[in-house]
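Q: mind looking at a prediction? Sequence and model below.
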Amino acid sequence: EELLIDFCEIISEHSGANLAEVVWNTLELYGLKNRVTAVVCDNVSNNDTLLQALGEKCADEGIDFSHKDSCIRCLPHIVHLA
């Protein structure tokens, strides 16, 4: 089952750090910070920095999250971007 929990307009640069801040705020809002096990994304580089920034935020709060092990690449998006 899928559920969209948030859809935010991002006015600033779509850098990994800015994206991570938006995602983190949503996770905080819904009490999901310690429940994320994986993130599905394409292979755009800002998604890598997004995951690194999320990993740092999790580490600061003692939450077990590995940005290297938590990325699931979405093949249709990757093929579409190629």
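A: Now that the structure is in, tell me what you want to look at. Residues are numbered from 1 along each chain as shown.
Q: ranges for the helices of this protein?
A: 16-29, 45-60, 75-81 (DSSP state H).
Q: of all these, which one is nearest Arg35?
A: Taking CB to CB, helix 16-29 is the member of the helices of the chain nearest to Arg35, at 8.1 Å. All C-beta spots, glycine's among them, are computed from the backbone N, C-alpha and C.
Q: average pLDDT across the closest one?
A: For helix 16-29, mean pLDDT is 95.
Q: got the contact list for the nearest residue to Ala59 once chain neighbours are set aside?
A: Nearest residue to Ala59, sequence neighbours excluded (CB to CB, 6 or more residues apart in numbering): Phe65, at 7.6 Å. Phe65 makes contacts with 36, 54-55, 58-59, as judged by CB atoms under 8 Å, 6 or more residues apart in numbering.
Q: Glu56 now?
A: Taking CB under 8 Å, 6+ apart, we find Glu56 in contact with no residue.
Q: where does the chain have its least confident helix or strand?
A: Ranked by mean pLDDT, DSSP states H and E, the helix or strand of the chain with the weakest confidence is helix 75-81, at a mean of 72.
Q: hmm, which of the contacts of Phe65 is lowest in pLDDT?
A: Between these, the one the model trusts least by pLDDT is Val36, at 88.
Q: number of nearby residues for that one?
A: Neighbourhood size, Val36 [other CB atoms under 10 Å]: 14.
Q: cool, Leu51 as well?
A: 24.
Q: would you confirm that it contacts Ile72?
A: No - Leu51 is beyond contact range of Ile72, at 10.6 Å (criterion: CB atoms under 8 Å).
Q: find the nearest non-adjacent residue to Leu19, please.
A: Leaving out its chain neighbours, the residue that sits closest to Leu19 by CB to CB, 6+ apart is Leu50, at 4.4 Å.
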